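Asks: Below is the structure, and that's it, no one-letter string:
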Ligand SMILES: [Zn+2]
């Protein structure tokens, strides 16, 4: 059965379903999900790899105190960002540098990170919707549509002023573990009919949905999406 978890802007729902820190039993090992506030999630795969998605930790109002410091993550084997809004890209560049790990993200979000000097090219990987990557043995990540936008605010150290840069299109991710277990992290998105197509095609076991209601679906929209 598909499990649905609300994320963005809804600590109450996420907590009420016991999502944070839960382990999901499955065929050949466990996948552990730890909600770190907003869309930030840490996944421990059945093979012991650590996947971090949309880490808005140091400034996130819902970040557990223990994870305000990104060194608390311990290790990061795979870093995914869905789009460039600050509550999603957050600490990702700093994490990429600290852990010498590659930031995987929408192609046209990653390009300005390189050209602006935020990250060196060797710590980035650009891909796009329906594209997939296999960054770790047995782990596959497929980019899927999200109905949202993406803009990168760069604090230019030369001028001391923030700049707005186009940053491609927002994406969601289907993350397949070594065991075949699949998590769909939707990132930020509005309701769109291809959610049904994506679900039928990729057959995720768990879906992480935004339900903020201002920038994304609200809980009614998300409930509709979960039924379809
Ligand atoms: Zn957003």
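Replies: Ah, there it is. Since the model is a prediction, treat every value here as computed from it, not as a measurement.
Asks: who's in contact with residue 50?
Replies: Residue 50 makes contacts with 42, 43, 44, 73, 74, 75, 76, 77, 78, as judged by Cβ atoms under 8 Å, 6 or more residues apart in numbering. C-beta here means a position set from N, CA and C on the backbone, and glycine is covered the same way.
Asks: Tell me the bridge partners for the most centrally placed residue in the chain.
Replies: Of all residues in the chain, the one closest to the mean position by Cα atoms, centre = their mean is residue 53, 3.5 Å from it. Per DSSP bridges, the residues bridged to residue 53 are residue 41, residue 80.
Asks: Give me the buried entries from the contacts of residue 50.
Replies: Using 16 or more other Cβ atoms under 10 Å as the burial test, the contacts of residue 50 include 42, 43, 44, 73, 76, 77, 78 as buried.
Asks: Could you list the low-confidence segments of this protein?
Replies: Residue ranges of the chain with pLDDT under 70: 1-28.
Asks: tell me which parts of it are close to the ion?
Replies: The interface of the chain toward the ion, taken as Cβ under 5 Å from the ion, is made up of 85, 188.
Asks: go again using 8 Å as the cut-off
Replies: Residues of the chain lying near the ion by Cβ under 8 Å from the ion: 82-83, 85, 87-88, 148-150, 170, 187-188, 215-216.
Asks: In JSON lines: those, plus neighbour count.
Replies: What follows is those, written out as JSON lines (neighbours: other Cβ atoms under 10 Å):
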{"residue": "82", "neighbour count": "27"}
{"residue": "83", "neighbour count": "27"}
{"residue": "85", "neighbour count": "24"}
{"residue": "87", "neighbour count": "20"}
{"residue": "88", "neighbour count": "25"}
{"residue": "148", "neighbour count": "22"}
{"residue": "149", "neighbour count": "15"}
{"residue": "150", "neighbour count": "25"}
{"residue": "170", "neighbour count": "25"}
{"residue": "187", "neighbour count": "30"}
{"residue": "188", "neighbour count": "27"}
{"residue": "215", "neighbour count": "15"}
{"residue": "216", "neighbour count": "24"}
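Asks: Just to be sure, which of these are found in helices?
Replies: Residues of the residues of the chain next to the ion located in helices (DSSP state H): 87, 88.
Asks: ok, which stretches of this protein are helices?
Replies: Using DSSP H, helices in the chain cover 11-16, 86-89, 92-98, 107-115, 194-202, 219-227.
Asks: Make JSON lines from the ones you listed and add distance to residue 69 to it.
Replies: Shown next, in JSON lines, are these (distance: least, Cβ to Cβ, whole Å):
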{"stretch": "helix 11-16", "distance to residue 69": "20"}
{"stretch": "helix 86-89", "distance to residue 69": "18"}
{"stretch": "helix 92-98", "distance to residue 69": "10"}
{"stretch": "helix 107-115", "distance to residue 69": "23"}
{"stretch": "helix 194-202", "distance to residue 69": "35"}
{"stretch": "helix 219-227", "distance to residue 69": "31"}
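Asks: quick check, nearest of the buried ones among the contacts of residue 50 to residue 57?
Replies: residue 73 (8.2 Å; Cβ to Cβ).
Asks: so what's that closest one closest to, chain neighbours aside?
Replies: By the measure of Cβ to Cβ, 6 or more residues apart in numbering, the closest residue to residue 73 outside its immediate chain neighbours is residue 52, 6.3 Å from it.
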